[in-house]
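Student: next come a sequence and a model predicted from it.
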Amino acid sequence: MLQALQKSVRQAVERSDVFRTKIIEQNGTLQAVVCDSSQCDLEQIDLSAIPEQQRASELLKRGRLEAFRSFDLGKGCLLRASLLRFGLRNSSSF
């Protein structure tokens, strides 16, 4: 399952110019440049040590933090994907 999810993220980046676009300054003007390829990995976060009764609040907390995390527009991959593992069978992604 993990490999399939990682492959899906990479394919989404490959198919969409928006995710492979970076903003550069050239002669005092900002320009959008579409990269031929861009590495966008699936971040894996193990939260299995968190007690079950605290998992929902931890998931919400991490989701809020991620929502306000900025992108470096000069680097490229404008897509982030995370897989949060709460145990062998329980996981969430965003």
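Tutor: That came through, no problem. Residues are numbered from 1 along each chain as shown.

Student: tell me where the model's unsure across this structure.
Tutor: 88-94 (pLDDT under 70).

Student: against Ser8, how distant is the spatially most central residue of it?
Tutor: Nearest to the geometric centre of the chain sits Arg80, at 1.3 Å (Cα atoms, centre = their mean). Distance from Arg80 to Ser8, counting by Cβ to Cβ, to the nearest Å: 14 Å. (Each C-beta comes from the backbone N, C-alpha and C, glycine too.)

Student: that older thread, pretty sure the residue nearest to the centre of the chain sits against Glu66.
Tutor: Yes. Under the criterion of Cβ atoms under 8 Å, Arg80 makes contact with Glu66 at 7.2 Å.

Student: sorry, back to before: OK, contacts around the residue nearest to the centre of the chain?
Tutor: By Cβ atoms under 8 Å, 6 or more residues apart in numbering, the contact set of Arg80 is Cys40, Glu43, Glu66, Arg69, Phe71.

Student: now Cys35
Tutor: Applying Cβ under 8 Å, 6+ apart, the residues near Cys35 are Arg20, Thr21, Lys22, Gly76.
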